[in-house]
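K.L.:
my questions are about this predicted structure, shown below with the sequence.
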Amino acid sequence: MDNQPNNPLHGVKLADIVTKLQEKFGWDGLAAQIDVRCFQNDPSVKSSLKFLRKTPWAREKVEQLYIDTFSNTADDDDAPFQWKSIKK
């Protein structure tokens, strides 16, 4: 496995991301932050993981929220980390 020192999500499982965000914001807070049904209607970690694994744009938003919320890195600029577009 490659060492990825610049990837803030390296070694972090999607289940851990969803769980930590849910603990911090609650399901209502997550639904307010990211407008997807898996956080609005009968939410659970299991159903959210199923949806996020099939939907790259939603997963990208969840990962970005996690980075913005829990990032411990202090860069010179205050701009949040931005993933490069996954579009081809």
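P.N.:
Okay, I see it. Bear in mind the structure is a predicted one, so any value in this text is a computation, not a measurement. Numbers count the residues shown, from 1 in each chain.
K.L.:
any idea how far Q64 is from D42?
P.N.:
For Q64, the distance to D42 (C-beta to C-beta, to the nearest Å) stands at 25 Å. Yep, even glycine has a C-beta here, placed from its N, CA and C like the rest.
K.L.:
quick one, which of the two is more surrounded?
P.N.:
The neighbour comparison of Q64 against D42 (other C-beta atoms under 10 Å) goes to Q64, with 16 against 8.
K.L.:
three-state assignment of the more buried one?
P.N.:
helix (DSSP: H, G, I helix; E, B strand; the rest coil).
K.L.:
do a quick rundown of the helices in the protein.
P.N.:
14-33, 45-54, 56-70 (DSSP state H).
K.L.:
could you say what helices and strands the longest one packs with?
P.N.:
Okay, so that is helix 14-33. Helices and strands touching helix 14-33, by 3 or more C-beta pairs under 8 Å, 6 or more residues apart in numbering; DSSP states H and E, are helix 45-54, helix 56-70.
K.L.:
could these go into TSV alongside distance to A15 and mean pLDDT?
P.N.:
Compiled in TSV, these are given as follows (distance: least, C-beta to C-beta, whole Å; pLDDT from 0 to 100):
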stretch	distance to A15	mean pLDDT
helix 45-54	6	95
helix 56-70	11	93
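K.L.:
now find how far off-centre stretch 21-39 is within its chain.
P.N.:
Computed by C-alpha atoms, centre = their mean, to the nearest Å, the separation of stretch 21-39 from the middle of its chain amounts to 11 Å.
K.L.:
how about the CA coordinates for it, as CSV?
P.N.:
Written as CSV, here are the backbone C-alpha positions of stretch 21-39 (Å, rounded to 0.1, in the frame of the first residue of the first chain):
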residue,chain,number,x,y,z
LEU,A,21,-20.2,13.3,11.7
GLN,A,22,-23.5,11.9,13.0
GLU,A,23,-22.2,12.1,16.6
LYS,A,24,-21.1,15.7,16.0
PHE,A,25,-24.1,17.1,14.0
GLY,A,26,-26.8,14.5,14.5
TRP,A,27,-28.9,13.3,11.5
ASP,A,28,-30.8,16.6,11.3
GLY,A,29,-27.6,18.5,11.2
LEU,A,30,-26.1,16.3,8.6
ALA,A,31,-29.3,16.7,6.5
ALA,A,32,-29.0,20.4,6.8
GLN,A,33,-25.3,20.4,5.8
ILE,A,34,-25.7,17.9,2.9
ASP,A,35,-29.1,17.6,1.2
VAL,A,36,-29.4,13.8,0.6
ARG,A,37,-32.3,11.6,1.5
CYS,A,38,-30.2,9.0,3.4
PHE,A,39,-29.7,11.7,6.1
